[in-house]
Each structure stands twice: as C-alpha cells, then as structure tokens.
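Chemist: need a 3D model of the following:
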Amino acid sequence: MSSAGGLAYGRYATGGREEWLMRIGPAEGVPILFLPPLFEEMNRTRAFIATIMRELARRGYGCWLPDLPGTGESSLALEACSWSDWRTAVRDAAEHVSRVAGRTAALASVRGGALLDEAAEAGCRWRFAPVEGASLARDMVRASMLKPEQMQGPFVDLAGYRLSERLLAALTDAKLQTVGRVRTVRLHSDRNEADGKLEGTALWRRSEPANAPELAALSASDIDDWVARCAAS
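Modeler: Numbering: from 1, shown residues only. Below is the predicted model:
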C-alpha cells in the first residue's frame, strides 16, 4: 500500500480484477471494514465515513474502505455490475483485510451498505441507519421522475446512474439480514427500531456532500464500544 497524508491506498482482488482499498490507521490494528451507502448516498456521506475512520484510527483501529466494482475508481462500468459482483467484492475485501491484520475484521456499514454485510465473515457487524433495498430503489425512481414505460429494457438511467435491469431488480429485492452479532444504530429522528439512537442529521438526504464531525465522533465511540463488547464475549 502507498501512503499519503495519513492515508494508505492499495488494492484487493475480486472477480478477476483489482479494486481500490483505502486504509486509515495501522494495518496491524484491530480491523474494521466499512461498507458505504450505495449510489449517490455514497458521495454524500464519504467525508462523514472518513471522519469516523480517523476517530477510530486515533484509538488504534485499522479502518478500511473499499471501492466496490463499478464505483469510485473501478475499471468496471456500473452498468456491467451485478448484485453478485458486489457481494463477492465485500467477501473478498473482508478476507483481504482479515489476512493483512491477522484477525477477523468487524464490519461497519452505512445505509445500503448493510444490505451487503452478510456476504462476508465478520467478528461483529455495526449498522448505521440501515435501509431495505426497495426503499433505495423507490428513492432513485422518484428522483429520476421516470414513467413506467421509460424503465423498460436491459438498462435504466436512475438519478444519474446507468444500471442494468437485473441490478435494479436485485436491489429492489434486497433485504437486511440478521447474521451473527449485529448492532443497529439510527438517528433520534428515525422512528424505526434500533439498539441505539444518536443525535444528528441525515446527511444522505442533503443535496450536496456534507460532514458532521460531532455525529462521527458519537458513531466512532459507539463502534469502539460494540467491537470491544464483541471481543470480550
């Protein structure tokens, strides 16, 4: 991995390709693999996730954030990606991180990233504002203002993203799974059930990318406590 400005960049192998992987914190630290939201929500929350990672790195954790196929700097076009590609990538990234760190990684997911965390072996799972795939698909269709007849064919353009009909169908069908030890955290304004509630704003709903350092600090503390509790049990 190459380092710059306190960050480390490398790659992990998946699907016969290599995808980018960012690390903040020591490679030998207790590993946490972050799974970001999907599509535009990923862009709106990336700074927030990086801030959580930095907070945890100060406590000795090694925090990792992968590019999934078709996202970020991936050489694969999104329209060529399948849901299976993403599940495989999560599994491969988790195995890579666990191998480098010498211990099984914990998974920390945000929003739609939680739909994929069951694909990998994990010491424990922490989810922030998890959402069902059907809800994400509805939001994208609503934002695109498409009529039903405009959504016919092998590819669909939704909210600035071109994806296959198969990927959209898989996203719509994707549901949150309870696998192993899972802690779900939501905002106080969210009425859905959760193991914990934090004060903050829904960054993924904003029109532009934003950060929330106080919410990031609260999230980091919650993750730290959960990972320690899982390790002790």
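Chemist: use CA for all of it now, contacts and neighbours both
Modeler: Noted.
Chemist: helices of the protein, start to end?
Modeler: Here the chain has its helices, by DSSP state H, at 40-57, 83-101, 133-144, 165-173, 213-232.
Chemist: list the buried ones in the last one?
Modeler: So that's helix 213-232. Judged by neighbour count using 16 or more other C-alpha atoms under 10 Å, the buried positions of helix 213-232 are 213, 215-220, 222-223, 226-227.
Chemist: what's the closest of those residues to L203?
Modeler: L215 (10.3 Å; C-alpha to C-alpha).
Chemist: how much space separates the closest one from V141?
Modeler: 29 Å (C-alpha to C-alpha, to the nearest Å).
Chemist: distance of L187 from V179?
Modeler: 22 Å.
Chemist: looking at those two now, which is surrounded by more residues?
Modeler: The neighbour count for L187 versus V179, taken as other C-alpha atoms under 10 Å, is higher for L187 (18 against 14).
Chemist: for that one, list the residues it contacts.
Modeler: By C-alpha atoms under 8 Å, 6 or more residues apart in numbering, the contact set of L187 is 129, 197-202.
Chemist: and if you look at S82?
Modeler: 164, 166-167.
Chemist: between those, which is nearest F48?
Modeler: Set against F48, the nearest of these by C-alpha to C-alpha is L167 (26.6 Å).
Chemist: so that closest one touches W83, yeah?
Modeler: Yes. Between L167 and W83 there is a contact at 5.7 Å, judged by C-alpha atoms under 8 Å.
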